[in-house]
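**Q** need a structure here:
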Amino acid sequence: MGSKYKTQEEKYEYITKQHGGYYRHDFTDHAYLYNLYFPPKDVFTHLQENIHNLVLNYPMAQDALAELIGDLIDQPTERIVVGNGAAEIIKILSGSLAKKIIVPVPSFNEYANAAPEGKAVEFPLEFPSFQLDVDKFAAEAIKVGADMAVVVTPNNPTSLVVPKADLIRLAEKLKPSNCMLIVDESFLDFADKKEQISLEQDIDKYPNMAILKSMSKAYGICGLRIGYLLTANADFAQAVRNGIHIWNINGFAEEFLRILPKYKQEFEDSCEIVKADRDAFYKQLCAIEGMTVFKPDANYIYCRLPDAALSGPEVTKRLFIKYNIYIKDSVGKTQPDADRYIRIASRTQKENNALVDALLDVMY
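**A** Down below sits the predicted model:
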């Protein structure tokens, strides 16, 4: 046990108040979202061999970083803003650029949390399907005077993709109202046929659209902190860029971006393994009597616990105390019956098997 706690119960209470740093506390983390199969060992070896230069020297600034991302996603540099994780860019979007931002809920809380009080509007997803009706969403955005609308696809926590055609229709509906559509594709690498779903390569057609992507989840680099925004709207890109300080990315993150194209195939292969683990995990969870399991498009699975089972918070606590496994309940999300839902990150098959066995033991 660490110095912060003496019992497993105290450890649970401590962990629930933390944001990151979980690896220091020896438990199986099915809460945060990772790609456990990337980066390959060669990437770590390269960083180790260059550690002196990376520590001793200034990293590159924004233009050069954008060029590295541009090479990776085949987009012009001027369309890209590189952030210290997507969280830095979200803070700029919600916290200072948007006069009023509208976000479907449940979704990633940071978009609403980063907005000044009274500046964020929550739009409820259809219940119980959690699908986004883009026509109703557009109408509400226009009605409340939003100048920024956010859609996370696949959504977090539901793990459901919003169809590309719907997002295009949404952008076109919002355009006359000068409302920017932010499409968060942070988990899209784990969706099937991602090339047909992503709007990255169509971005020049939609000047009121920006793609936001966290690289932490897909590339397994949560500690390096890299995210980017892509838009063909030059004024909007510059407004975001103005909110970023000159050396917002450290040398390790820069070097990772520099060598990343060499590992493109390894990355694609890693995503396929993640998807295979997730799909097997999904089938196991579906086999639990009374459990509602949403078919996932990301590397996590959203579930509604059986009616007779304990609540999400109680199941989460029991899993941790008895099995040292941590998942996320949905308390704190804006949605009906939030305490009945849990989000479980897919890990290795062995860990997923252990989670299912433990879940069956603590649910009632």
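**Q** could I get the full set of strands for this structure?
**A** 28-29, 80-83, 101-105, 120-124, 148-152, 180-184, 209-214, 227-231, 292-293, 300-304, 325-326, 328-329, 341-345 (DSSP state E).
**Q** take those strands and write them to JSON lines, including distance to H46 and mean neighbour count.
**A** All C-beta atoms are positioned from the backbone trio N, CA, C, and that covers glycine. Output for the strands of the chain, formatted as JSON lines (distance: least, Cβ to Cβ, whole Å; neighbours: other Cβ atoms under 10 Å):
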{"stretch": "strand 28-29", "distance to H46": "26", "mean neighbour count": "18"}
{"stretch": "strand 80-83", "distance to H46": "20", "mean neighbour count": "28"}
{"stretch": "strand 101-105", "distance to H46": "39", "mean neighbour count": "25"}
{"stretch": "strand 120-124", "distance to H46": "41", "mean neighbour count": "18"}
{"stretch": "strand 148-152", "distance to H46": "32", "mean neighbour count": "26"}
{"stretch": "strand 180-184", "distance to H46": "30", "mean neighbour count": "25"}
{"stretch": "strand 209-214", "distance to H46": "22", "mean neighbour count": "26"}
{"stretch": "strand 227-231", "distance to H46": "22", "mean neighbour count": "25"}
{"stretch": "strand 292-293", "distance to H46": "40", "mean neighbour count": "18"}
{"stretch": "strand 300-304", "distance to H46": "30", "mean neighbour count": "24"}
{"stretch": "strand 325-326", "distance to H46": "32", "mean neighbour count": "22"}
{"stretch": "strand 328-329", "distance to H46": "33", "mean neighbour count": "22"}
{"stretch": "strand 341-345", "distance to H46": "28", "mean neighbour count": "26"}
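**Q** for E266, find the nearest of those.
**A** strand 209-214 (18.9 Å; Cβ to Cβ).
**Q** which pLDDT value does the model give the residue lying closest to A112 once chain neighbours are set aside?
**A** Excluding its sequence neighbours, the residue lying closest to A112 (Cβ to Cβ, 6 or more residues apart in numbering) is A120, at 4.2 Å. At A120, the pLDDT value in this model is 98.
**Q** likewise for K328?
**A** 97.
**Q** that one contacts T316, correct?
**A** Yes - with contact defined as Cβ atoms under 8 Å, K328 reaches T316; the gap is 7.2 Å.
**Q** which neighbours do the two share?
**A** I342 (Cβ atoms under 8 Å, 6 or more residues apart in numbering).
**Q** mind listing what's buried along stretch 327-336?
**A** I327, K328, D329, S330, K333, T334, Q335 (16 or more other Cβ atoms under 10 Å).
**Q** grab the nearest non-local neighbour of Y37.
**A** S270 is the one closest to Y37 (Cβ to Cβ, 6+ apart), at 3.7 Å.
**Q** is it true that the residue nearest to A112 touches P104?
**A** No - using Cβ under 8 Å, A120 makes no contact with P104, being 11.8 Å away.
**Q** now do the same contact list for the nearest residue to A237 once chain neighbours are set aside.
**A** Nearest non-adjacent residue to A237, counting by Cβ to Cβ, 6+ apart: T231, 5.2 Å away. Applying Cβ under 8 Å, 6+ apart to T231 gives the contacts R79, I203, M209, A210, I211, A237.
**Q** and which of these is nearest I197?
**A** Using Cβ to Cβ, I211 comes nearest to I197 of these, at 11.7 Å.
**Q** before we move on, back to that, now distance to K275 too, for the strands of the chain, in JSON lines please.
**A** Converted to JSON lines, these look like this (distance: least, Cβ to Cβ, whole Å):
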{"stretch": "strand 28-29", "distance to K275": "19"}
{"stretch": "strand 80-83", "distance to K275": "26"}
{"stretch": "strand 101-105", "distance to K275": "25"}
{"stretch": "strand 120-124", "distance to K275": "29"}
{"stretch": "strand 148-152", "distance to K275": "19"}
{"stretch": "strand 180-184", "distance to K275": "20"}
{"stretch": "strand 209-214", "distance to K275": "18"}
{"stretch": "strand 227-231", "distance to K275": "22"}
{"stretch": "strand 292-293", "distance to K275": "16"}
{"stretch": "strand 300-304", "distance to K275": "12"}
{"stretch": "strand 325-326", "distance to K275": "22"}
{"stretch": "strand 328-329", "distance to K275": "20"}
{"stretch": "strand 341-345", "distance to K275": "14"}
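**Q** E254 and L54, how far apart?
**A** Distance of E254 to L54, computed by Cβ to Cβ, to the nearest Å: 8 Å.
**Q** which strand residues bridge V183?
**A** V151, I211 (DSSP bridges).
**Q** returning to that earlier point: widest-spaced pair of the buried residues of stretch 327-336?
**A** Every pair of these checked by Cβ to Cβ; the farthest is I327 and T334, at 19.7 Å.
**Q** number of nearby residues for the closest residue to N233 other than its chain neighbours?
**A** Of all residues not flanking N233 in the chain, P207 sits nearest, at 4.8 Å (Cβ to Cβ, 6+ apart). P207: 16 surrounding residues under other Cβ atoms under 10 Å.
**Q** ok, K295 next?
**A** Using other Cβ under 10 Å: K295 sits among 12 other residues.
**Q** you'd agree it is up against Y282?
**A** Yes - applying Cβ under 8 Å as the test, K295 and Y282 come out as touching, 6.7 Å apart.
**Q** give the buried residues for stretch 137-153.
**A** 137-138, 140-142, 146-153.
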